[in-house]
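Novice: Predicted model and sequence below, questions to follow.
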Amino acid sequence: AHMGCVMLGIATLTDFGVNAAVFGMVAHGLITGMLFFIAGSMQHRYHTREMSRLGGLLVSAPKMGWILGFCVMASLGLPGLAGFIPEVMVLAGSFPVYLTFTVISATAVIITAAYYLWSMQRVFLGKLNTAYVGFPDVNWRERLTLYPLAIIMVFLGFYPQFILHAINPALQMLIQNLRPV
């Protein structure tokens, strides 16, 4: 869904849409990197990636659960986090150009949100699998990696101009050269 939004922003060939798409790629890189890091940490810790074998981990690994919840909310586009601004910008920028694709993209975002929330429920809520009682929570190396990424996500959620001002001049020249004469 996120890369679909990025492609939709690029397809508009407007300054607003392409800026939104590039910002979306930055946000996606941060959020997805963090999600993959958490998935790798859980794979290393629990020796499985099967959601059906996990469950109730919020009891035994609350910090991991809250960090993953934060990432999921950033990916869903919660206001104040890096994922919100580019999605809103893409949808606003593509609406006048591609109404049908904008509706499809918004629907895909809703389906993605449902999947994320379903995954969180299966892995962290419900009855704790007794095989995972006593497993360690987030360690210092994971905190050293995850917390700065979370801070960057909040920073970009409240101050998107940091990215937009840096990329806008180059994107304006690129778009100007791509438009038909």
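Specialist: Sure, I can see it. Residues are numbered from 1 along each chain as shown.
Novice: okay, and for this structure, where does confidence drop off?
Specialist: The chain contains residues with pLDDT under 70 at 179-181.
Novice: At the geometric centre of it, which residue do we find?
Specialist: residue 75 (2.6 Å; CA atoms, centre = their mean).
Novice: Give the closest residue to that residue in space, chain neighbours not counted.
Specialist: residue 31 (4.8 Å; CB to CB, 6 or more residues apart in numbering). (Each C-beta comes from the backbone N, C-alpha and C, glycine too.)
Novice: tell me the secondary structure for that neighbour?
Specialist: The local conformation at residue 31, judged by DSSP: H, G, I helix; E, B strand; the rest coil, is helix.
Novice: I figured it hits residue 71, correct?
Specialist: Yes - the pair residue 31 and residue 71 qualifies as a contact (CB atoms under 8 Å) at a distance of 6.0 Å.
Novice: the more surrounded of these two?
Specialist: More neighbours sit around residue 71 than around the other of residue 31 and residue 71, counting by other CB atoms under 10 Å; the figures are 27 against 24.
Novice: quick one, phi/psi of residue 97?
Specialist: Dihedral angles phi and psi of residue 97 (degrees, to the nearest 10) take the values phi -90, psi -50.
Novice: If you drop the residues flanking it in sequence, what lies closest to it?
Specialist: If you skip the residues right next to it in sequence, residue 97 has residue 12 as its closest partner in space, 4.8 Å away by CB to CB, 6+ apart.
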